[in-house]
Every structure is written in structure tokens, then in C-alpha cells.
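> only geometry, no sequence info:
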């Protein structure tokens with residue numbers, strides 16, 4: 001059973017999801033955030049991006065648009081999630097470098113000996 005962190009789609013809530021991805025920190029805006037049936041994952045769907053008609057183009061937002069172009073739903077490992085906020089309205093997504101001295105990975109148990 002899928003446990004929704006949002007209410008039915010008629011309310012159109014917006015969430016800002018910040019997570020680690022391959023040495024970078026992604027900040028995206030989405031309509032749906034759910035606890036996944038796959039253990040240890042969060043589902044995010046309905047990505048929101050700013051208008052393309054703007055004269056100024058943010059390279060990190062363009063990279064996000066290209067990365068998630070055609071993606072219906074993403075499964076993000078729980079330990080990669082930094083924060084999920086319900087926000088009033090969408091903003092500009094961005095990608096920033098993960099700062100090694102400020103971000104600690106979630107502690108994981110050592111791998112079992114073979």
C-alpha cells in the first residue's frame with residue numbers, strides 16, 4: 001500500500017525535495033512525495049520547473065530539466081534525502097556541490113564478512 005505524504009491531487013500541494021546525488025545536492029520541486037513500497041526509498045513525481053521564456057538561464061536548473069526530462073517518477077534512497085518541505089509555490093530548482101565538511105553520510109553498518 002502506498003502511503004502518501006500529500007493529499008489528493010485536487011489540492012495540488014507543492015514540495016521542495018533536497019537530496020544527495022553523485023556528489024551533488026539536488027533541490028527539486030514536485031507535486032507528489034510518497035513512501036515507496038520498495039524498502040528504503042522515497043518516491044517523487046510530477047516535477048515542476050520554471051518557465052523557459054526567461055531571458056536569464058540558470059545552468060543548474062537547465063541541467064535538472066535535462067536530467068528529469070521524461071521521468072514520470074523517481075525513487076530516491078532515504079539516506080540521500082536531506083529535507084522535504086511543503087511550500088506555498090514552486091521555485092527554481094538547483095544543483096550545488098556537496099560540501100564535504102558540512103554533510104555527513106548516514107552511518108551504515110559494515111558489510112558482513114564473506
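Looks like it came in fine. Please read all numbers here as calculations on a predicted model, not as lab measurements.
> And the residue nearest the centre of the chain, how far from residue 58?
By Cα atoms, centre = their mean, the mean C-alpha position of the chain lies nearest to residue 17, the distance being 4.1 Å. Residue 17 sits 18 Å away from residue 58, going by Cβ to Cβ, to the nearest Å. Yep, even glycine has a C-beta here, placed from its N, CA and C like the rest.
> Can you name every helix or strand that the longest strand seen in the chain contacts?
Of all the segments assigned as strand in the chain under DSSP state E, the longest by residue count is strand 24-35. Helices and strands in packing contact with strand 24-35 are listed as strand 3-4, strand 14-21, strand 41-48, strand 81-87, strand 94-97; criterion 3 or more Cβ pairs under 8 Å, 6 or more residues apart in numbering; DSSP states H and E.
> Now the terminal residues of stretch 43-63, how far apart.
Distance between the two ends of stretch 43-63: 21 Å, counting by Cα to Cα, to the nearest Å.
> What is the least confident helix or strand in this protein?
In the chain, no helix or strand scores lower on mean pLDDT, DSSP states H and E than strand 3-4, which sits at a mean of 52.
> Lowest mean pLDDT across the helices and strands packed on strand 24-35, which one is that?
Mean pLDDT values for the helices and strands packed on strand 24-35 show the minimum at strand 3-4, a mean of 52.
> pLDDT below threshold where in the protein?
When residues are selected by pLDDT under 70, those of the chain lie in 1-11, 51-57, 100-108, 114.
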